[in-house]
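**Q** just coords:
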Ligand code: SF4
């Protein structure tokens, strides 16, 4: 319990010093090629191909940069669910869904 508490405090401190919350994509570090809208990929992408494999209509690859970007925003609930599955599966939490706020 103490260890969990200390970890939580560390995360908050780290977040306040760098404006970065562990486990979340960072909106102001979005890859510029993302199309405008709710979903985006940030600069933490490691080019693992998972999102592009799961949701190929919405995530593409920037060959020159070796990373993914959002090439199309979802337009209905089913498409949004698919993008959320990709977001939740990204191994480095590089996909965000607060880009339109
Ligand atoms: S799943 Fe995450 S790390 Fe993998 S290619 Fe997509 S955005 Fe990049």
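**A** Ah, there it is. From a predicted model like this one, the values you see are computed outputs, not experimental measurements. Numbers count the residues shown, from 1 in each chain.
**Q** for residue 23, give me its contacts.
**A** Residues counted as contacts of residue 23 (Cβ atoms under 8 Å, 6 or more residues apart in numbering) are residue 93. No exception for glycine: its C-beta is placed from N, CA and C like everyone else's.
**Q** name the SS class of residue 45, please.
**A** Following DSSP: H, G, I helix; E, B strand; the rest coil, we place residue 45 in the coil state.
**Q** cool, and residue 79?
**A** What three-state DSSP gives for residue 79 is helix.
**Q** from the ligand, how far off is it?
**A** With the distance defined as Cβ to the nearest ligand atom, to the nearest Å, residue 79 ends up 17 Å from the ligand.
**Q** okay, now that residue: neighbour count?
**A** Residue 79 is flanked by 15 other residues according to other Cβ atoms under 10 Å.
**Q** ok, and the closest non-adjacent residue to it?
**A** residue 58 (7.1 Å; Cβ to Cβ, 6 or more residues apart in numbering).
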